[in-house]
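> sequence and predicted structure, then a few things I'm wondering about:
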Amino acid sequence: MIYISAQHKMIGVPVRSDLVNLFPKAKHVTLSGNNLMVVPHGLDETRLLRNMGLDVPSPIVSHYDWEGGKPFAIQMRTAGMLTTNNRAYVLNGMGTGKTKSALWSWRYLNKQGDAGKLLVVAPLSTLNFTWAKEIFNTLPGVKVQVLHGTKAKRLQRLDDRDADVYIVNHDGLAVVSDALAERPDIDTCILDELATYRNGGATRTKVTRKVTARMKWLWGMTGSPAPNSPTDAWAQCTVITPHTVPKYFNRFRDEVMTRITQFKWAPKQGALDKVFEIMQPAVRFTLDDVVELPDLVERTVEIEMGPKQTKVYKQMEEHAFTAIQNKEITAMNAGAVLSKLLQISCGYIYTREKEVVTLDNEARLTALVDAVDSTDRKVIVFVPFVHALEAINKRLTSEGYDVRQVSGATPRAERDQIFNLFQNTSAVKVIVAHPQCMSHGLTLTAADTIIWFAPMPNLEIFEQANARIRRVGQKHKQQILMFSATKAEQKMYAKLRAKQKVQNTLLDMFAEASE
């Protein structure tokens with residue numbers, strides 16, 4: 001039996017000879033007939049007692065005031081795991097409040113004197129609208145500097161020694177990495193969307209390894225640890241827990257994959273168990289563990305192509321088939337062919353001369369207008385081809401809708417303004433966006449409908465983008481409509497579901513362990 005005194009920040013544990021040797025100065029008391037020894041309920045004591053086999057909760061659960069709001073039970077458990085592990089993984093699903101969990105964890109450690117200043121590395125689109133805003137709402141007394149802009153501006157903001165938290169985007173970390181090496185006071189790091197580091201040879205991964213190697217506390221957060229293959233986990237682990245994986249990628253790949261052809265590999269039996277083993281310590285909770293949200297309906301909407309579309313698609317398909325037969329198309333360039341087929345299906349082709357050719361895709365545009373008409377709430381339209389955004393935006397605008405367009409070319413401040421208007425005002429009925437620009441951190445529950453004008457081949461972006469409307473605060477049933485007219489689109493959606501099935505099996509393992 002374990003007794004906790006939140007008032008005195010002490011813990012009572014059974015009197016045992018091994019514990020007496022560990023805490024020789026501990027006071028002995030009798031409580032409800034139990035002989036107990038009383039020790040401080042701190043982080044060091046908690047670790048020691050856990051090593052001795054006692055299930056002692058993290059001190060944050062009982063001794064923190066949770067400034068900025070009342071946490072969900074899973075947020076407390078997540079924070080409990082983080083504050084007792086210097087390096088750890090948060091694999092909680094989208095919308096479960098993991099941002100707050102991580103911020104509370106750092107703030108508690110910081111107040112206790114166990115952690116210094118915080119570095120947050122996150123997607124560019126989330127720096128202000130998600131992270132800076134969440135810190136303001138949760139920890140209003142904390143000063144934040146967002147390291148964005150020119151190199152001079154980033155370094156100037158990093159040099160603000162009064163700031164408590166510094167936020168930078170993944171690729172922007174390289175710009176300030178040398179200056180960070182001179183800042184031992186920044187000893188805690190949160191890597192948001194850890195799956196960004198799936199490529200161990202990428203510059204961003206190498207830079208992040210170097211920057212985080214000296215961190216006292218390092219936590220990686222992602223709801224999609226292996227979006228494409230079990231091998232996705234290796235590079236992420238080399239950043240967070242390099243001691244849990246082989247030094248070289250090929251060795252790890254040989255452990256979890258079987259080679260089928262020159263370019264094709266398949267997971268071995270037990271591959272997911274291996275990923276589960278290397279990504280520890282970890283916690284995994286889903287949105288269902290937080291709150292019961294209204295139902296979500298996913299539906300494929302079959303679209304007819306126009307005569308010209310059909311002709312061009314068939315020609316491209318026949319050309320591709322012939323090229324494959326002649327071995328002109330291999331696994332190395334098949335992606336470009338598939339992309340062209342998807343563009344034709346969508347109705348907008350990007351030519352070699354960098355011009356956009358519009359095909360007769362009136363049926364798809366009409367279906368889009370009908371879908372937007374079908375709800376009195378707001379709508380997000382995802383278009384995976386940037387060159388098609390403008391035409392779709394014009395069509396919806398011509399129908400009288402208040403539409404905003406978001407792509408990589410949209411300035412960050414303008415994006416934040418659009419998201420704020422969409423979520424918090426009656427303005428902006430529709431956002432037409434490239435999904436990569438809206439796939440992380442945003443809460444857009446003002447919408448109840450997402451329309452995929454064409455499929456997105458990247459599972460992580462697909463899942464993240466869909467999660468923008470399925471978050472805490474959603475009060476309405478949601479629908480995700482996936483437009484499909486061709487075999488290429490059907491196969492792409494099927495491929496996403498197949499990858500999703502593999503990843504969900506892995507995530508279920510982490511969820512069971514967290515319980």
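Done, it's in. Numbers count the residues shown, from 1 in each chain.
> what strand or helix carries Ile450?
strand 447-452 (DSSP states H and E).
> name the helices or strands packed onto the helix or strand just after that strand?
Next along the chain after strand 447-452, taking DSSP H and E as the criterion, comes helix 459-466. In this structure, helix 459-466 packs against helix 487-514, with contacts taken as 3 or more Cβ pairs under 8 Å, 6 or more residues apart in numbering; DSSP states H and E. All C-beta spots, glycine's among them, are computed from the backbone N, C-alpha and C.
> now the helix it packs on against strand 447-452, angle please.
Here helix 487-514 runs at an angle of 130 degrees relative to strand 447-452 (axes from the mean of the first three to the mean of the last three Cα atoms, to 10 degrees).
> what angle do helix 459-466 and helix 487-514 make with each other?
Here helix 487-514 runs at an angle of 80 degrees relative to helix 459-466 (the same axes, to 10 degrees).
> and helix 487-514, average pLDDT?
Helix 487-514 shows a mean pLDDT of 80.
> rewinding a little: can you name every helix or strand that the strand holding Ile450 contacts?
Packed next to strand 447-452, using 3+ Cβ pairs under 8 Å, 6+ apart, are helix 362-373, strand 378-382, strand 478-484.
> what's the most buried one of the ones you listed?
Comparing the helices and strands packed on strand 447-452 by mean neighbour count (mean count of other Cβ atoms under 10 Å), strand 378-382 ranks first with a mean of 25.
> give me the sheet partners of that strand and which way each runs.
Its sheet considered, strand 378-382 pairs with strand 430-433 (parallel), strand 447-452 (parallel) by DSSP bridges.
> export those as CSV, with columns for mean neighbour count, distance to Arg377 and mean pLDDT.
Formatted as CSV, the strands paired with strand 378-382 follow (neighbours: other Cβ atoms under 10 Å; distance: least, Cβ to Cβ, whole Å; pLDDT from 0 to 100):
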stretch, mean neighbour count, distance to Arg377, mean pLDDT
strand 430-433, 26, 11, 96
strand 447-452, 22, 4, 94
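> could you redo those as JSON lines and give each row distance to Arg471?
Listed next are the strands paired with strand 378-382 as JSON lines, based on distance: least, Cβ to Cβ, whole Å:
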{"stretch": "strand 430-433", "distance to Arg471": "16"}
{"stretch": "strand 447-452", "distance to Arg471": "11"}
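> of those, which is nearest Ala498?
Smallest distance to Ala498 across those (Cβ to Cβ): 17.0 Å, for strand 447-452.
> just want the angle from the closest one to strand 478-484.
Using the same axes, to 10 degrees: strand 447-452 against strand 478-484 is 20 degrees.
> may I have stretch 412-427 exported as PDB, CA atoms only?
The C-alpha trace of stretch 412-427 is given here as PDB (Å, rounded to 0.1, in the frame of the first residue of the first chain):
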ATOM      1  CA  ARG A 412       2.500  32.400 -42.400                       C
ATOM      2  CA  ALA A 413       0.800  35.500 -41.000                       C
ATOM      3  CA  GLU A 414      -1.900  35.300 -43.600                       C
ATOM      4  CA  ARG A 415      -2.400  31.500 -42.900                       C
ATOM      5  CA  ASP A 416      -2.900  32.200 -39.200                       C
ATOM      6  CA  GLN A 417      -5.400  35.000 -40.000                       C
ATOM      7  CA  ILE A 418      -7.400  32.600 -42.300                       C
ATOM      8  CA  PHE A 419      -7.400  29.800 -39.700                       C
ATOM      9  CA  ASN A 420      -8.600  32.200 -37.000                       C
ATOM     10  CA  LEU A 421     -11.400  33.700 -39.200                       C
ATOM     11  CA  PHE A 422     -12.500  30.200 -40.200                       C
ATOM     12  CA  GLN A 423     -12.500  28.700 -36.600                       C
ATOM     13  CA  ASN A 424     -13.600  31.700 -34.500                       C
ATOM     14  CA  THR A 425     -15.800  33.900 -36.700                       C
ATOM     15  CA  SER A 426     -18.800  33.500 -39.100                       C
ATOM     16  CA  ALA A 427     -16.500  34.500 -42.000                       C
END
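> just the buried residues of that stretch, please?
Buried residues in stretch 412-427, defined by neighbour count with 16 or more other Cβ atoms under 10 Å: Arg412, Arg415, Asp416, Ile418, Phe419, Leu421, Phe422, Gln423.
> now the helices for the stretch 101-250 of the chain?
Ranges of helices within the stretch 101-250 of the chain are 133-138, 151-158, 173-180, 203-212, 232-240, 249-256, based on DSSP state H, counting those that start in this stretch.
> what distance do you get for the nearest residue to Phe23 once chain neighbours are set aside to Arg198?
Computed as Cβ to Cβ, 6 or more residues apart in numbering, the closest residue to Phe23 that is not its neighbour in sequence is Val39, at 5.0 Å. Separation of Val39 from Arg198 (Cβ to Cβ, to the nearest Å) stands at 43 Å.
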